[in-house]
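A.B. asks: here's my sequence, what's the structure:
(2 chains)
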Amino acid sequence: MAAPKIDPMHQFQIAPIGADELIASPFQFTNSALWMLIVLAVVVLVMWGGTKRELVPGRWQALAEIITNFLGDITRQTIGANGRKYLPWVFTTFMFILAANWIGAMPLALAGAHPFTVTSQFSVTWTMSVMSFAIVLVVGFWKHGLHFFSLFVPKGAPLAIKLFIAPIEFVSFLVRPFSLGLRPFVAMFAGHILLEVFGNFIVQGLNAGSAAGGFIAALCFVFIVGMSGLELLIGAIQAYVFALLTAIYINDAENLH
Amino acid sequence: MPQLSQLALVIQSQWFWLLLVLGAIYFVVGRGIVGKVESTVDDRDARIAADLAEAQRLQDEAEADEEAWRTRVNAMRAEAQGVTASAKADAQAKLEARLAAADAEIALRTDSAVAELDTARKSAMAELESVAVEATQQIVERLTGASVDQAQARAAVTGALGHA
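C.D. replies: All right, here's what the predicted structure looks like:
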């Protein structure tokens, strides 16, 4: 029996649905698009409880209210009273990334559905971070005009330091959209490779049929259980970090120092 | 790395579906449901605050009522004590007046009784004297046969009685 080839990258492959081959078309329906729509459905479903508007909330409504209050607090505390109008976007980034990360980590393969983690595609995370960055630029130049460039100049510092710091600040500002999108992508990418590799170890250990193989399989199983829990934590943290950084960057533009 | 190798093929559909999904979340959930949830929470907070304020108002009212009641009870108690005290003082005064009147009457009666007694004694003495004078006259007449006039006898009797 030939040892099964481990291909940890296969899970990131985008495959067409309803067509034989991938074509470069915006309307091409893929497994990635399918899981984005599932993410959308889950987000709408979870938040639908908030439309009940009961005085004493049930569990479902309370969940929607907790999420809303959590993100509302982030925008209010980071951006201030003006932050309310950015809540929809901060909410969108948080809920999309959280739902995508968690749905991608669900053992749905047991039911035959192979979950596709859309946030493991940098085309997705970078598009989102570029959108956040675009909001920062539009708000910054809309509110402050060219004065927005003073963001790079530390306030109250001597001229020599200002000349030294400003280029550094400028570069770090330009790096923001890349680092913002890189973070959730890398976390999901690395986590899923790790899960895939150790999952294969379990299969191979059991296939070996020896006591040592069984022991290694059991060890890897325990490791994967722990890793899966960690994956859920990382998925939540990445969503939180993305939403929080988006709010912080918007705060730079909204309340220029 | 499929993310890179497939990029040129899939980027259009990735963008299309991502923007569709993000737009749906943004407008339907972010602008729609989240606003509703926020207003629900705000309404509830406002209602709780109003209920608490109402409860505080009612409690203040009840405390004020109790305070007023307590003042009234205290006033009534003080009034009752005043009434009792004045009634007591009144009764005392009346008692004293009656005692004084009784004392005065007793004194009056005693005085008049003493005076009556005195007169009675005096008249008795006077009668006794006249009887003694008469008796003296008769005794002297019987014993000596000499008649003694009334003035002499009276002098002798008065002298004897004065000795007695």
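A.B. asks: how close does the residue of chain B found nearest chain A get to residue A:91?
C.D. replies: Taking C-beta to the nearest C-beta as the measure, chain B has residue B:30 as its residue closest to chain A, at 3.1 Å. Placement of C-beta: from N, CA and C, glycine included. According to C-beta to C-beta, to the nearest Å, residue B:30 stands 5 Å off from residue A:91.
A.B. asks: ok, now residue B:23?
C.D. replies: Residue B:23 is 13 Å from residue A:91, by C-beta to C-beta.
A.B. asks: and these two? which has more neighbours close in?
C.D. replies: residue A:91 (27 against 13; other C-beta atoms under 10 Å in any protein chain shown).
A.B. asks: are we agreed that that one is in a strand?
C.D. replies: No: according to DSSP: H, G, I helix; E, B strand; the rest coil, residue A:91 belongs to no strand; its state is helix.
A.B. asks: so what pLDDT did residue 135 get?
C.D. replies: You didn't say which chain, so I picked chain A. With respect to pLDDT, residue A:135 has a value of 94.
A.B. asks: right idea, wrong chain: chain B
C.D. replies: Reported pLDDT at residue B:135 in the predicted model: 85.
A.B. asks: now for it, how many residues are close by?
C.D. replies: Look at residue B:135: counted by other C-beta under 10 Å, it has 13 neighbours.
A.B. asks: what residues of the helix or strand of chain B with the lowest mean pLDDT count as buried?
C.D. replies: Across the helices and strands of chain B, mean pLDDT, DSSP states H and E gives its lowest value to helix B:150-163, namely a mean of 79. Using 16 or more other C-beta atoms under 10 Å in any protein chain shown as the test for burial, helix B:150-163 gives B:153, B:154, B:156, B:157.
A.B. asks: alpha carbons only: can I get that helix in PDB?
C.D. replies: The C-alpha trace of helix B:150-163 is given here as PDB (Å, rounded to 0.1, in the frame of the first residue of the first chain):
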ATOM      1  CA  GLN B 150     -78.400  91.200 147.400                       C
ATOM      2  CA  ALA B 151     -75.400  93.400 146.900                       C
ATOM      3  CA  GLN B 152     -73.600  92.100 149.900                       C
ATOM      4  CA  ALA B 153     -74.300  88.500 148.900                       C
ATOM      5  CA  ARG B 154     -73.200  89.200 145.400                       C
ATOM      6  CA  ALA B 155     -69.900  90.600 146.500                       C
ATOM      7  CA  ALA B 156     -69.200  87.600 148.700                       C
ATOM      8  CA  VAL B 157     -70.100  85.200 146.000                       C
ATOM      9  CA  THR B 158     -68.000  86.900 143.500                       C
ATOM     10  CA  GLY B 159     -65.100  86.900 145.900                       C
ATOM     11  CA  ALA B 160     -65.500  83.200 146.600                       C
ATOM     12  CA  LEU B 161     -65.900  82.400 142.900                       C
ATOM     13  CA  GLY B 162     -62.900  84.500 142.100                       C
ATOM     14  CA  HIS B 163     -60.900  82.400 144.600                       C
END
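A.B. asks: OK, contacts around residue A:187?
C.D. replies: For residue A:187, the contact set (C-beta atoms under 8 Å, 6 or more residues apart in numbering or on different chains) comprises A:234, A:235, A:238.
A.B. asks: was I right about the first one contacting residue A:191?
C.D. replies: So the one you mean is residue A:234. Yes: counting by C-beta atoms under 8 Å, residue A:191 is a contact partner of residue A:234 at 6.2 Å.
A.B. asks: okay, those two: which has more neighbours?
C.D. replies: Set residue A:234 next to residue A:191 and count neighbours by other C-beta under 10 Å: residue A:191 wins out with 22 against 18.
A.B. asks: the residue nearest to the more buried one when sequence neighbours are not counted and residue A:193, how far apart?
C.D. replies: Leaving aside its chain neighbours, residue A:191 sits nearest to residue A:231 (4.9 Å; criterion: C-beta to C-beta, 6 or more residues apart in numbering or on different chains). According to C-beta to C-beta, residue A:231 and residue A:193 sit 12 Å apart.
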